[in-house]
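how would this look folded up:
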Amino acid sequence: MKLHHLKPAHGAKTARKRVARGDRGRGGKTAGRGTKGTGERRKMPAWFEGGGVPLTRRQPKSPGFNNPNKVVYAVINVARLEEAFETGDTVTVETLRKRGLVKKKGPVKVLGGGEVSKPLTVEVDAVSDSAREKLTAAGGTVL
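Purely as a prediction, here's the structure:
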């Protein structure tokens, strides 16, 4: 047997049916697709929603739902203040940024994570209740 003797199995290769060649012949007009509905027309994309406004067009243009009035704080725990400052120091937003403890822009909030034993004077934009308790219990003040 040689390469030029090979041929596909019987029925494996069939000529494609030429449809929609006028309304008189077989396979004309609706081309065997019936009438009306999605099956008659071209295939619809997976995201097609039946003619309603698609989900992607109902969403806001920018990604996510961002509240323009939300205040995002740069946060720091009292344990970090304990490590970075000496007894009696004043903790301000400027000193925190100078020492590299807060890198994010915007207002700063002190949270109550960890323990503090030194009396510190804290002047930042916001302080959590637990941090306020810990700082005042250690003899410090929160302004």
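
For residue 76, what is the enclosing helix or strand?
Using DSSP states H and E, residue 76 sits in strand 74-77.

Mind giving me the packing neighbours of that strand?
Packing partners of strand 74-77 (3 or more C-beta pairs under 8 Å, 6 or more residues apart in numbering; DSSP states H and E): strand 108-111. In short, each C-beta sits where N, CA and C put it, glycine included.

could you point out the longest helix in the chain?
helix 129-137 (DSSP state H).

Which residues does the helix or strand just after the strand holding residue 76 contact?
Next helix or strand after strand 74-77 toward the C-terminus (DSSP H and E): helix 78-84. Helix 78-84 is contacted by residues 91, 99, 101, 110-118, 120, 122, 131, 134-135 when judged by C-beta atoms under 8 Å, 6 or more residues apart in numbering.

Next, the buried residues of helix 78-84.
78, 80, 81, 82 (16 or more other C-beta atoms under 10 Å).

doesn't residue 62 fall inside a helix?
No: assigned with DSSP: H, G, I helix; E, B strand; the rest coil, residue 62 falls outside any helix and is coil.

What confidence value was assigned to residue 127?
With respect to pLDDT, residue 127 scores 97.

my guess is it meets residue 140, correct?
No: taking contacts as C-beta atoms under 8 Å, residue 127 lies outside contact range of residue 140: 10.8 Å.

mind checking how far the residue nearest the centre of the chain is from residue 74?
Residue closest to the mean C-alpha point of the chain, counted by C-alpha atoms, centre = their mean, is residue 64 at 6.6 Å. Counting by C-beta to C-beta, to the nearest Å, the separation of residue 64 from residue 74 is 20 Å.
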